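> got a predicted structure plus its sequence, pasted below:
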Amino acid sequence: MIRFERVTKRYPDGTTAVEELSFEVAEGELVTLVGPSGCGKTTTMKMVNRLIEPTSGRILLNGEDIAAADPVELRRRIGYVIQQVGLFPHKTVLENTATVPQLIGTPKARARARAAELLELVGLDPAVYGGRYPQQLSGGQRQRVGVARALAADPPVLLMDEPFGAVDPVVRERLQNEFLTLQKTVRKTILLVTHDLEEAVRLGDRIAVYGHGTIEQFARPAAVLAAPATEYVASFVGADRGLKRLAVTPVGTADLTAPDGGPDPAVTVPLGASLREALAALLQDDSGRIGVTHPDSGALAGVLTPGGVHRALRRAGLHDS
Ligand SMILES: Nc1ncnc2c1ncn2[C@@H]1O[C@H](COP(=O)(O)OP(=O)(O)OP(=O)(O)O)[C@@H](O)[C@H]1O
């Protein structure tokens, strides 16, 4: 869907922001770009909608070289969400959200109806918030409007630059979770820039860990945490990467032992829950075993013990790298 082929960007003052960058984002995939300040994340992203032009290399969107596309037409296909949301202060929330569809000729009534649906989708009741002005919203609410506005033109691709950056950690985690739920429905192809490893791990189907202008590792979060490709990635993901792995590794049937004929375990988690949730449940219960259930029927699928948690981590490390 989005393909970088040996892309280099050198600014006029000689700064090389990215060098020989090659990677691909599949349709419907969410890739997070993570790394320290100044490593070239934003430059990478802005080359996709041609706010910045590469010095060499090609970027393909659906197989088409974007250098040949009309930038205005290109940007219609690409939603853009930035940290300082950039809402129009003199327009209401509903008007802000309906802006792009109206610009591209959607009749006003239809654009507004669609805007109301999107506000609902990002968790803002249009009857309550639609008529407010941006300064009458909290930071988190403004960021939701930013996401709704980016989705309004229904672009297949979304670029998000620190979209949840300007809010406190609790609100941030809630917004991230809501956004993941939303992404399950809308299935956009997304490039998301963050300097926060936790955010990259939580949101990304795959993560690109940036060194200085290059990608040091491009893999699924569990693989990056289980097997950092370089010393640099290992130090970037930190000494507590084992704990972070728990959050991104799900409990699967292969990790379970058969119900042992004893009483059903008092504490259960569903299949697919993270090992972190499973471990928290194990610590809650003295018996050293918890039940794992089928998420739909609630029927017991098997029993998980601390040994099963180890097996799950080993399995994830083997399969993901
Ligand atoms: N217009 C410019 N002219 C010269 N150098 C630039 C320009 N824009 C960015 N740079 C430099 O290019 C490098 C990459 O910048 P970029 O903004 O892509 O990094 P980033 O990873 O997004 O950083 P941050 O997390 O701080 O936003 C940095 O060294 C930066 O100083």
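Nice, I can see it. Numbering: from 1, shown residues only.

> close to the ligand: what parts of the protein are there?
11, 13, 15, 17, 35, 37-43, 195 (CB under 6 Å from any ligand atom). C-beta: built from backbone N, CA, C; applies to glycine.

> show me which helix runs longest in the protein.
Ranked by residue count, the top helix of the chain under DSSP state H comes out as helix 169-186.

> same for that one, what does it pack against?
helix 139-152, helix 197-203 (3 or more CB pairs under 8 Å, 6 or more residues apart in numbering; DSSP states H and E).

> next one: it to chain centre, how far?
From the chain centre to the centre of helix 169-186 is a distance of 9 Å (CA atoms, centre = their mean, to the nearest Å).

> next, the angle from it to helix 139-152.
Helix 169-186 and helix 139-152 meet at an angle of 20 degrees, taking axes from the mean of the first three to the mean of the last three CA atoms, to 10 degrees as the criterion.

> buried stuff in helix 169-186?
171, 172, 175, 176, 178, 179, 182, 183 (16 or more other CB atoms under 10 Å).

> quick one: residues contacting the closest residue to residue 40 other than its chain neighbours.
Counting by CB to CB, 6 or more residues apart in numbering, residue 40 lies nearest to residue 18, which is 4.1 Å off, once chain neighbours are set aside. The contact partners of residue 18, by CB atoms under 8 Å, 6 or more residues apart in numbering, come to 7, 8, 9, 40, 43, 44, 213, 214.

> and residue 18, bridged to which residues?
Note on residue 18: beta-bridge partners by DSSP bridges are residue 9.

> pLDDT score for it?
Residue 18 is assigned a predicted lDDT (pLDDT) of 96.

> point me to the residue of the stretch 201-321 of the chain nearest the ligand.
Closest residue of the stretch 201-321 of the chain to the ligand, CB to the nearest ligand atom: residue 210 (6.6 Å).

> the residue lying closest to that residue once chain neighbours are set aside: neighbour count?
For residue 210, ignoring the flanking residues on the chain, the nearest one in space by CB to CB, 6+ apart is residue 35 at 3.0 Å. Neighbourhood size, residue 35 [other CB atoms under 10 Å]: 27.

> now do the same for residue 35: its pLDDT.
Value listed for residue 35 in the pLDDT field: 92.

> one more: residue 166?
69.

> same question for residue 270.
Residue 270 is given a pLDDT of 92.

> next: the one 4 residues further on.
At residue 274, the pLDDT value in this model is 86.

> and what of the one 5 residues further on?
According to the per-residue confidence, residue 279 scores 92 in pLDDT.

> measure it to residue 141 for me?
Separation of residue 279 from residue 141 (CB to CB, to the nearest Å) stands at 34 Å.

> in what helix or strand does the closest residue to residue 155 other than its chain neighbours lie?
Using CB to CB, 6+ apart and skipping the chain neighbours, the partner closest in space to residue 155 is residue 79 (4.2 Å). Assigned by DSSP states H and E, residue 79 falls within strand 78-82.

> quick one: pLDDT of residue 321?
Looking at residue 321, the pLDDT reads 43.

> if I pick the nearest residue to residue 202 once chain neighbours are set aside, what's in contact with it?
Take residue 202 and drop its neighbours on the chain: the residue closest to it by CB to CB, 6+ apart is residue 176, 5.7 Å away. Residue 176 makes contacts with 164, 199, 202, 203, as judged by CB under 8 Å, 6+ apart.

> residue 188 against residue 78, yeah?
No: contact criterion CB atoms under 8 Å: residue 188 and residue 78 do not qualify, at 10.1 Å.

> okay, and the common contacts of these two?
Joint contacts of residue 188 and residue 78 (CB under 8 Å, 6+ apart) are 155, 157, 158.

> redo the residues you listed as TSV? Include pLDDT, neighbour count and secondary structure.
Converted to TSV, these look like this (pLDDT from 0 to 100; neighbours: other CB atoms under 10 Å; DSSP: H, G, I helix; E, B strand; the rest coil):
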residue	pLDDT	neighbour count	secondary structure
155	88	18	coil
157	94	21	strand
158	93	21	strand
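
> now do whichever residue of the stretch 101-250 of the chain sits closest to the ligand, the pLDDT please.
Residue of the stretch 101-250 of the chain nearest the ligand, by CB to the nearest ligand atom: residue 195 (5.0 Å). pLDDT for residue 195: 88.

> isn't it right next to residue 36, touching?
Yes: if you go by CB under 8 Å, residue 195 and residue 36 touch, sitting 6.6 Å apart.

> these two: which is more packed in?
residue 195 (17 against 11).

> now the more buried one, what are its backbone angles?
phi -100, psi 0 (degrees, to the nearest 10).

> and it, how far is that from residue 39?
Applying CB to CB, the value for residue 195 to residue 39 is 9 Å.

> on that earlier part again, give me the buried subset of the residues of the chain next to the ligand.
For these, buried by 16+ other CB under 10 Å: 17, 35, 39, 40, 41, 42, 43, 195.
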